[in-house]
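*Asks:* Take this sequence and fold it.
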Amino acid sequence: MKLYRTKENFFANFCQKKNIQILLILAVILFLGSFLRLYRLDFQSLWYDECGTIRRSNVETFKEIFSGVFEEKFSGDLQPPLHHIIYYFLIKYTENSPAIIRMPAVLAGIASIVLMFLTGKRLFSVKEGLISAAFTAFFWTPIFFSQEARPYSFLLCLSLLTVYLNIYLLDKLKQKKKSYIYYFIAFCISGILCCYIHYFGLLLVLLLAADTLIYSLNNFKIFTRIIVAFFIILAAFSFWLPGMWHHFTTGESNIERPHFIDIIYYFEWLYNWSEILTKTVFFFYCFLFLFTAYSIIKNKMYKFPRKIFSLPEIQLGLWLLLPFALVYLLSYLFNP
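*Replies:* Prediction:
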């Protein structure tokens, strides 16, 4: 009887007019975003970096994907092996055409739209979730990388999935629900895949670990379980440490060290190379910063630093700036 009532309530909530409208809007965003990613997918032939992916993945045996990292002929492809594994099986069992080769990136890009909605909805509300999904669907950078046989579309998808599962894992742990174990396992798997898809995925996991551990300091039980989760992720990635060390110590790069103007270019690149949109977003960030600072002072939240850092506005601001600032600094101090 209890199970019946639960199902009845679920379908009643699902059929509410508001929920149907939300699903319709999301369906339209998803359809248009999918169309933009599939439109003329094979119009251009594979370019140099995509051919590098094919060359690195088109090997005789699965083992060569890992051992090949130490061979000189593969020295230019400085990435962890997961996306090469994906393309190894794709090349082996499908036809070798630009559309087929790019299809996994397309699917990852489409999944990113849904994951962006879910993450935005979970952090703020449905409205922010839909706006975030629309940005992901229509901005040129996610579309561009969704039509490229490289790891970047997978990186976005797995990063969003890892963050989303991390949020839910913390919630389940705080609620002391036994079902947390499913989110724990899913989070560990997602985090491992994120590390193995790109080195920026590893950076994301490390920053997420620092953020999550600071957030859970006041609860020893949650803190220890989070430590275990990140230990599992990093322990699984440790098998690739020799390959990463080889990449970082012997890899060559023709990328110049960044300049200060590149910071502006970075934000223009994020927002469709649109000067108007970039300035609008910049002033919005300034307003959000001032409004958040005013709220902190007015409510005397400065007396409780942990509460300040737990604010979604502060969290998103730090996640926008810190990864870029860290990568910028490393690229400036060392060979990019």
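*Asks:* Work out for me the element the closest residue to residue 151 other than its chain neighbours sits within.
*Replies:* Take residue 151 and drop its neighbours on the chain: the residue closest to it by CB to CB, 6 or more residues apart in numbering is residue 83, 3.9 Å away. Using the backbone N, CA and C atoms, a C-beta is placed for each residue, glycine as well. When secondary structure is defined by DSSP states H and E, residue 83 falls within helix 82-93.
*Asks:* list the contacts for the residue nearest to residue 151?
*Replies:* Contact analysis of residue 83 by CB atoms under 8 Å, 6 or more residues apart in numbering lists 53, 150-151, 154, 197-198.
*Asks:* mind listing what's buried in stretch 45-56?
*Replies:* Under the neighbour-count criterion of 16 or more other CB atoms under 10 Å, stretch 45-56 has 46, 50, 52-54, 56 buried.
*Asks:* So which of those residues belong to helices?
*Replies:* Using DSSP state H, the members of these that fall in helices are 50, 52-54, 56.
*Asks:* which is the next helix or strand following the helix or strand where residue 276 lies?
*Replies:* In this structure, residue 276 sits in helix 275-298 according to DSSP H and E. Downstream of helix 275-298, the first helix or strand assigned by DSSP H and E is helix 305-309.
*Asks:* Which other helices and strands does that next one contact?
*Replies:* helix 199-215, helix 312-333 (3 or more CB pairs under 8 Å, 6 or more residues apart in numbering; DSSP states H and E).
*Asks:* switch the cut-off to 10 Å
*Replies:* Helices and strands touching helix 305-309, by 3 or more CB pairs under 10 Å, 6 or more residues apart in numbering; DSSP states H and E, are helix 199-215, helix 275-298, helix 312-333.
*Asks:* And that helix, how far out from the chain middle?
*Replies:* Helix 305-309 has its C-alpha centroid displaced from the chain centroid by 25 Å (CA atoms, centre = their mean, to the nearest Å).
*Asks:* For that helix, the averaged confidence score.
*Replies:* Rounded to a whole number, the mean pLDDT of helix 305-309 is 74.
*Asks:* Residues in contact with that helix: which ones?
*Replies:* The contact list for helix 305-309, computed with CB atoms under 10 Å, 6 or more residues apart in numbering, reads 211, 214-215, 217-218, 292, 296, 299, 301-302, 314-315, 318.
*Asks:* rerun that using 6 Å as the cut-off
*Replies:* Taking contacts as CB atoms under 6 Å, 6 or more residues apart in numbering, the residues outside helix 305-309 that touch it are 296, 301.
*Asks:* go on, stretch 22-29?
*Replies:* By CB under 6 Å, 6+ apart, the surrounding residues in contact with stretch 22-29 are 117, 126, 130, 133-134, 137.
*Asks:* Just the buried ones out of those residues, please.
*Replies:* Burial of these was assessed by neighbour count (16+ other CB under 10 Å); the buried members are 117, 126, 130, 133-134, 137.
*Asks:* Out of these, which is nearest to residue 32?
*Replies:* Set against residue 32, the nearest of the buried ones among the contacts of stretch 22-29 by CB to CB is residue 137 (6.1 Å).
*Asks:* circling back: which one of the buried ones among the contacts of stretch 22-29 sits closest to residue 88?
*Replies:* Distances from residue 88 to these, taken as CB to CB, are shortest for residue 137 (29.8 Å).
*Asks:* quick one: that closest one from residue 116, how far?
*Replies:* Summarising the geometry, the distance separating residue 137 from residue 116, computed by CB to CB, to the nearest Å, is 9 Å.
*Asks:* And residue 325, by the same measure?
*Replies:* When CB to CB is applied, the distance between residue 325 and residue 116 equals 23 Å.
*Asks:* again with residue 106
*Replies:* Counting by CB to CB, the separation of residue 106 from residue 116 is 16 Å.
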